[in-house]
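got a predicted structure plus its sequence, pasted below:
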Amino acid sequence: MLGLVIATVLAGCEMFEYHPYDGRFDAPTDVNVTNIRRIEAACEGKDTIRFIMMGDTQGWYDETEDFVVHVNAMEHPVDFVIHGGDVADYGLTKEFQWVARCMDKMKVPYVAIIGNHDMLGTGERVFKEIFGDENFSFRAGDVKFVCLSTNALEYDYSHPVPDFSFIRQELADSLDCSKTVAVMHAPPFSDQFNNNVNTEFEYYISRFRGIQFCLHAHNHRYSASELFDDGIVYYGCDCMKNRNYLLFTITPEGYAYEMVAF
Amino acid sequence: MRMRWWLFRILTVCCLLLPCRLQAAGLSAERRYTHRMIPDNVSVQFAGSIGFLSLGTGWEYGNGHWETDVLFGLVPKVEGQSAMVSFTLKQEYVPWHISLGERRDFVLQPLQCGLFVNTLLNRNFWTIEPDRYPTGYYGFSTKVRFHAYLGQSITYNLPERCRFGNRVSFYYEIGSCDLYIINALKNRCLKPADFLSLALGLKWHF
């Protein structure tokens, strides 16, 4: 029996968990920062950008694995992938580890935006350790991607969401890109968004240089609608459970997109 | 500071109860009920999803087949996250006790199984969703976890001359909690090591 115990102990070192929310993980860190460097280097000078918008891997890890296999097998690889948030379902430390390890196998770089489920328990800290800041931006060729946390409901007014000072900073700083795409987890008018500032949000977003469209996840279904009367379309991607994603191509002439099932 | 206070309190309670237990044998029938309230063991556990180290005490009954434990666990701090204390209420069933060796010093419990509920003593976690959420928005509690486990233990009967306690046992448990089980049922890609949690413990019976 002692032998059995020792064997169990050795095999199970990974199984010594202090708590499902203990915040200890074995996964890559600073994923966004590292991958943004890769994206910016690979896209430099390109006038056509192809990328995938997917999201809500929460609890659908088999589907996420299939997604990674599918992306790695693409005949014409995309430049990068955006995870629209809700990486984890319950904010458990291991859920982040599962998804980060799985998506790390992708040949193309990806960035992840924080979703409301990622903020449960100790999730927000773990998300920030593995991926990075809640608000960030990067450029791919001539397009600037402004990624914003919009999960206002989680904070109960104790934290600025959306963070207008960050948005203003990005507005002042957007001159070197002729196009902009805004990305968020929860869109305006959704249950998570601070709907008291919808108009102000629209005011700033519409002032981004060459704003192409906005992207979001959260609703677990595909959607494309002009949320404000300003010509800016908000595209919502489906969740991983439904095994599809949005593939965008931004060219000098404009942009095109399609929904791809896998 | 608060944590240290909890540990201090548990240790004090254990120390105060020990002499009572040792005297319990010679008691009158009326007073036996009072003494049933006194725990039968203290334990220290490593890992097992309730803390890095947990201290507990338990009551044994039903000819040693049943046990109820309470444990306080320390979830250590990591950078950007402070330490937390958790509380566990555990119900265990031990179907068999098998004496080993000629001198019957050792007793093997080839199976012990049970359920426990663990709660984080931390205000950042909720049992029911705070009012800001629409009803049933998340539909689970971040604070309270339900676990199930299987384990084994081996017990050493302390010599008669040893005045401090009767038996010492070593145990291990493998278990999982409600949210992990849901994830495991939904995803074939998750391996047992992903959703199972291992605990090692020492228990001192007095």
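The structure has been received and is ready for your questions.

residues in contact with residue A:26?
By Cβ atoms under 8 Å, 6 or more residues apart in numbering or on different chains, the contact list for residue A:26 reads A:14, A:97. Backbone N, C-alpha and C define where each C-beta goes, glycine included.

confirm it sits in a strand?
No - read with DSSP: H, G, I helix; E, B strand; the rest coil, residue A:26 is coil and lies in no strand.

next, give phi and psi for it.
In terms of degrees, to the nearest 10, the main-chain angles of residue A:26 are phi -120, psi 90.

got the phi and psi for the spatially closest residue to residue B:179 that is not a sequence neighbour?
Distances taken as Cβ to Cβ, 6 or more residues apart in numbering or on different chains place residue A:90 nearest to residue B:179, at 5.0 Å, with adjacent residues excluded. Per-residue torsions, residue A:90: phi -110, psi 10 (degrees, to the nearest 10).

what of residue A:118?
The phi/psi pair for residue A:118 (degrees, to the nearest 10) reads phi -70, psi -10.

ditto for the one 5 residues further on
The phi and psi torsions at residue A:123 (degrees, to the nearest 10) take the values phi -60, psi -40.

what's near enough to touch it?
A:21, A:88, A:91, A:92, A:93, A:96, A:117.

do stretch A:49-56 and chain B meet?
No - Stretch A:49-56 lies out of reach of chain B by Cβ under 8 Å from any Cβ of the partner chain, never closer than 13.7 Å.

contacts for that stretch?
Contacts for stretch A:49-56 (Cβ under 8 Å, 6+ apart): A:43, A:67, A:71, A:76, A:78-86, A:115, A:140-141, A:143, A:183, A:185, A:215, A:217-218, A:220, A:235, A:237-241, A:245-250.

pull out the buried members of those.
Of the members of the contacts of stretch A:49-56, the ones counted as buried by neighbours, 16 or more other Cβ atoms under 10 Å in any protein chain shown, are A:43, A:67, A:71, A:78-86, A:115, A:140-141, A:143, A:183, A:185, A:215, A:217-218, A:220, A:235, A:237-241, A:245-248, A:250.

wasn't residue B:179 part of a helix?
Yes - assessed with three-state DSSP, residue B:179 lies in a helix.

wait, it sits on residue B:140?
Yes - using Cβ atoms under 8 Å, residue B:179 is in contact with residue B:140, at 7.0 Å.

which residues do those two both contact?
Listed as contacting both residue B:179 and residue B:140 by Cβ under 8 Å, 6+ apart are residue A:90.

who has more neighbours, the two?
More crowded of residue B:179 and residue B:140, by other Cβ atoms under 10 Å in any protein chain shown: residue B:179, with 22 against 16.

which residues in chain B form strands?
Using DSSP state E, the strands found in chain B span residues B:41-47, B:53-61, B:66-75, B:84-93, B:98-100, B:106-120, B:144-157, B:167-177, B:197-205.

ok so, going back, just the ones of the buried ones among the contacts of stretch A:49-56 in strands?
Judged by DSSP E, strands contain the following of the buried ones among the contacts of stretch A:49-56: A:80-83, A:140, A:143, A:183, A:215, A:235, A:245-248, A:250.

so which of those residues is the closest to residue B:44?
residue A:83 (41.6 Å; Cβ to Cβ).

need phi/psi at the closest residue to the closest one other than its chain neighbours.
Of all residues not flanking residue A:83 in the chain, residue A:112 sits nearest, at 3.9 Å (Cβ to Cβ, 6+ apart). Main-chain torsions, residue A:112, degrees, to the nearest 10: phi -120, psi 140.

was I right to think residue A:112 contacts residue A:31?
Yes - taking contacts as Cβ under 8 Å, residue A:112 lies within contact range of residue A:31: 6.8 Å.

restrict whatever helix or strand residue A:259 lives in to CA atoms and write it as CSV.
Assigned by DSSP states H and E, residue A:259 belongs to strand A:254-261. Output of strand A:254-261 as CSV, limited to C-alpha atoms (Å, rounded to 0.1, in the frame of the first residue of the first chain):
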residue,chain,number,x,y,z
GLY,A,254,-12.6,48.2,-47.4
TYR,A,255,-13.3,45.1,-45.4
ALA,A,256,-15.1,41.8,-45.8
TYR,A,257,-16.1,39.1,-43.3
GLU,A,258,-17.6,35.7,-43.2
MET,A,259,-18.8,33.3,-40.6
VAL,A,260,-16.8,30.1,-40.6
ALA,A,261,-18.0,26.8,-39.0
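
good, wrapping up.
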